[in-house]
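Undergrad: Prediction below, plus the sequence it came from.
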Amino acid sequence: MNISRRIVSIVLLVSLLLGIPATTLGTPQANINILLDEEKVSLEDEIITNEINQIMLPLREIAEKLEYKVNWDGNTRSITLSKGSQIIELKIGETKVDVNGEILVLKSPPILKETKTFVPMELFSNALGLVIGWNGKHQVLKINQPEEKNESFFTISKDKDKQAELDAYIKALEKHQNFHGSVFVAKDGEVLLNKGYGFADFEQNTNNISQTKFAIGSITKQFTAMAIMQLNEKGLLSVEDKISKYFPDFPNGDSITIHNLLTHTSGLTNYTNLSEFLDIDLNNKDPMKTIELIKNLPLEFEPGKEFSYSNTNYVLLGMIVENITDISLEDYLQKNIFTPLNMSNTGSYYIENNQFPDATPYTGFLEIYPVDDELVLTQAYGAGNIYSTVEDLYRWDRALSTEQLVKKETLDKIFTEYITMPGAGSYGYGWMIADTDMGRQIFHGGNTMGFTANIARYPEKDLVVIILTNSAYYDTTSLTNALTSIVLDKDYEMPEVLKEIEIEDPNLYDNYIGKYEFIDGTYINITKIEDKLYAQVTGQNAFEILPLSNNRFFAKDVDIRIEFIKDEEEKITELVLEQLGMTFVCKRVEDIEEKKEIEIDPKVYDNYVGEYELAPNVIIKITKEDNSLYAQLTGQDKFEIFPESEEEFFYKVVDAKITFQKDDTGNVTHLILYQNAQEIPANKIK
């Protein structure tokens with residue numbers, strides 16, 4: 001939901017403090033709710049999990065409900081599923097499955113339990129080609145049969161070579177850089193690519209397909225903007241209305257217009273940037289609760305004078321739609337946009353009605369970690385709470401070339417360049433506009449804690465590229481540019497193969513240790529710990545960087561490249577950082593004085609061993625191993641902490657420290673975690 005793909009966000013993907021631990025996703029249990037084609041069903045047979053935590057489903061009962069014919073051969077212990085032209089053959093205890101003559105290998109084999117066959121969820125996804133939606137936190141499984149596409153603009157292009165070239169590029173990206181998501185490319189009203197890649201859920205081994213639903217983050221804004229402009233066209237509001245007309249007691253409401261909200265020129269603070277946002281109750285359904293976080297804060301600038309991306313603006317716009325229509329924004333969008341456009345797989349996140357993305361949200365890069373995206377998806381409202389598919393967003397794209405939703409005059413207003421975004425083109429109403437080497441581009445990205453989305457339209461060439469991925473802060477800029485280049489016969493490079501080389505002399509790393517100036521008063525610190533090299537951006541966690549060559553490095557946790565540059569005297573003077581399609585030259589400013597631990601009696605550590613509660617279900621576990629002390633946050637790796645006094649300890653892999661607190665009798669009662677200029681107390685519970 002954060003600002004555009006074009007505005008830098010160096011994101012540490014496994015945060016010690018602010019990351020949502022993977023374990024919040026829950027462990028599969030037998031009491032799973034199942035929906036078949038969006039209808040809740042009751043199963044006679046139980047649902048079980050196997051030894052690797054994969055969900056095992058009763059095959060016959062579910063398959064027959066989906067109108068598959070099921071035949072069992074007791075002699076060979078094999079099962080045949082058939083429906084139309086589909087024939088799937090599998091055997092108990094074997095991972096190989098014959099799918100219409102082609103062999104598919106499952107992660108887990110079918111098993112027999114009390115005369116009933118149980119199969120992993122992946123069989124329904126990968127062998128039957130069904131759309132699988134799994135929400136581990138709320139224990140809901142949705143199995144949907146793909147819907148037919150009847151619109152003429154879904155005609156497949158006859159350019160087979162271009163289709164193969166696009167597909168080959170994404171397959172290489174999937175193989176070498178762990179891309180997982182769905183991609184859609186169309187030109188002149190014909191489809192060149194419409195396909196899913198990688199896993200929707202890595203643990204369950206289910207595939208992404210073209211109808212997999214993803215959270216689309218800030219792409220939501222263009223739908224909210226369209227709702228406003230529909231009401232404007234009908235004369236029910238004016239974009240020049242002061243927001244005081246709809247919120248009479250709103251501070252500065254007489255100086256902020258709807259136009260200011262649409263263009264991010266209101267000066268209102270972005271509520272998702274505040275630490276208080278993390279404390280909002282997930283069950284909150286009142287958008288005013290989020291607005292109250294910033295309502296009484298001073299404006300950042302005079303309305304209309306500057307551009308500053310703020311999710312607050314679009315929450316207010318959604319509330320204005322509700323104020324005028326007397327229905328929820330969700331219902332308005334369904335009635336006036338989604339249903340008319342046949343966008344049946346698009347909606348607002350609402351877990352109580354089982355409305356959620358199919359894909360599991362992840363953070364990371366080559367190594368990924370599941371995260372809980374519910375905070376953003378429940379509290380983003382008109383700024384970022386919608387899920388959709390690449391196919392539905394293509395329907396949306398096609399409608400924007402017609403007057404199906406609004407008149408051309410209104411569309412022209414939506415796509416007008418109202419305000420310059422420094423270094424990133426201009427902003428219209430819910431859209432960004434830029435002149436590129438490929439032509440005029442109308443686009444918008446979307447990020448949440450575990451999803452990235454982007455839609456890029458090139459109206460002059462009748463070309464659209466849509467990317468949805470269940471990976472946070474993915475570099476959709478570079479991918480969009482590559483796919484566009486392929487379609488338009490421009491030069492491009494295939495995805496880089498990221499393979500760590502062996503450094504013969506780790507002392508080489510000593511040359512790179514230092515402090516490098518980044519942007520906006522931040523720095524990148526390069527440190528060496530146990531012959532490994534780490535990078536750390538000011539206020540964030542350190543992450544290991546691995547060598548591609550003697551002076552060029554990559555990371556597994558975040559999609560980033562770092563190259564160290566020498567001067568004529570062979571001294572390292574700067575590093576070049578590449579991320580999100582952007583390049584930054586960072587001058588070396590000074591060496592770093594490494595913190596040194598002191599020696600204390602390891603017996604002292606015994607007093608600190610235990611569990612400390614940072615927040616509900618978030619524990620710091622302190623353990624002692626081989627006379628060393630370790631700290632481990634729920635769902636994350638264990639790290640050694642080093643003494644700088646008898647009660648104070650510091651991390652080497654992150655800019656954080658822990659202080660243990662005692663009562664008057666000398667018993668340890670709690671610890672305090674210091675990180676990102678915050679002090680977080682945690683009571684000892686065990």
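TA: Sure thing, it's come through. Residues are numbered from 1 along each chain as shown.
Undergrad: List the buried residues for the longest helix seen in the chain?
TA: The residue-count maximum for a helix in the chain (DSSP state H) belongs to helix 160-177. For helix 160-177, the buried set under the neighbour-count rule, 16 or more other C-beta atoms under 10 Å, comprises Lys162, Gln163, Glu165, Leu166, Asp167, Tyr169, Ile170, Leu173, Glu174, Gln177. To be clear about C-beta, it is placed using only N, CA and C from the backbone, and glycine gets the same treatment.
Undergrad: just those now: which is nearest Leu43?
TA: Nearest to Leu43, judged by C-beta to C-beta, of these is Glu174 at 33.8 Å.
Undergrad: That closest one: what's its closest spatial neighbour, skipping adjacent residues?
TA: Leaving aside its sequence neighbours, Glu174 sits nearest to Tyr197 (C-beta to C-beta, 6 or more residues apart in numbering; 4.7 Å).
Undergrad: List the contacts of the one you found.
TA: Residues near Tyr197 by C-beta atoms under 8 Å, 6 or more residues apart in numbering: Ile170, Lys171, Leu173, Glu174, Phe179, His180, Gly181, Ser182, Val183, Asn208.
Undergrad: ranges for the strands of the stretch 151-300 of the chain?
TA: Along the stretch 151-300 of the chain, the segments classed as strands by DSSP state E, counting those that start in this stretch run 181-187, 190-197, 199-201, 206-207, 214-215.
Undergrad: Could you dump these into a markdown table and include mean pLDDT?
TA: Below are the strands of the stretch 151-300 of the chain laid out as a markdown table (pLDDT from 0 to 100):
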| stretch | mean pLDDT |
| --- | --- |
| strand 181-187 | 98 |
| strand 190-197 | 98 |
| strand 199-201 | 97 |
| strand 206-207 | 97 |
| strand 214-215 | 98 |
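Undergrad: highest average neighbour count across the ones you listed?
TA: Mean neighbour count (mean count of other C-beta atoms under 10 Å) peaks for strand 214-215 among the strands of the stretch 151-300 of the chain, with a mean of 30.
Undergrad: Three-state assignment for Thr527, please.
TA: strand (DSSP: H, G, I helix; E, B strand; the rest coil).
Undergrad: For it, grab the count of nearby residues.
TA: By other C-beta atoms under 10 Å, 20 other residues sit near Thr527.
Undergrad: how close does it get to Arg60?
TA: As for Thr527, its distance to Arg60 is 58 Å (criterion: C-beta to C-beta, to the nearest Å).
Undergrad: Return the closest of the buried residues of helix 160-177 with respect to Thr115.
TA: Of all the buried residues of helix 160-177, Glu174 has the smallest distance to Thr115: 39.6 Å, by C-beta to C-beta.
Undergrad: quick one, what contacts the closest one?
TA: Each residue near Glu174 by C-beta under 8 Å, 6+ apart is listed here: His180, Tyr197, Gly198.
Undergrad: 10 Å instead, please
TA: Going by C-beta atoms under 10 Å, 6 or more residues apart in numbering, Glu174 touches His180, Gly181, Tyr197, Gly198, Phe199, Asn208, Pro495.
Undergrad: Let's have the residues you listed in TSV, adding distance to Gly423.
TA: Below are the contacts of Glu174 laid out as TSV (distance: C-beta to C-beta, whole Å):
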residue	distance to Gly423
His180	29
Gly181	26
Tyr197	30
Gly198	31
Phe199	35
Asn208	32
Pro495	25
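Undergrad: Kindly indicate which of those residues lies nearest Glu578.
TA: Pro495 (13.5 Å).
Undergrad: Skipping adjacent residues, who's closest to Gln222 in space?
TA: Computed as C-beta to C-beta, 6+ apart, the closest residue to Gln222 that is not its neighbour in sequence is Gly430, at 3.8 Å.
Undergrad: Next, count neighbours for that neighbour.
TA: 25.
Undergrad: Just put the buried residues of helix 160-177 in a markdown table and tack on pLDDT and distance to Lys289.
TA: Formatted as a markdown table, these follow (pLDDT from 0 to 100; distance: C-beta to C-beta, whole Å):
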| residue | pLDDT | distance to Lys289 |
| --- | --- | --- |
| Lys162 | 98 | 49 |
| Gln163 | 98 | 48 |
| Glu165 | 98 | 49 |
| Leu166 | 98 | 44 |
| Asp167 | 98 | 45 |
| Tyr169 | 98 | 44 |
| Ile170 | 98 | 41 |
| Leu173 | 98 | 40 |
| Glu174 | 98 | 40 |
| Gln177 | 97 | 39 |
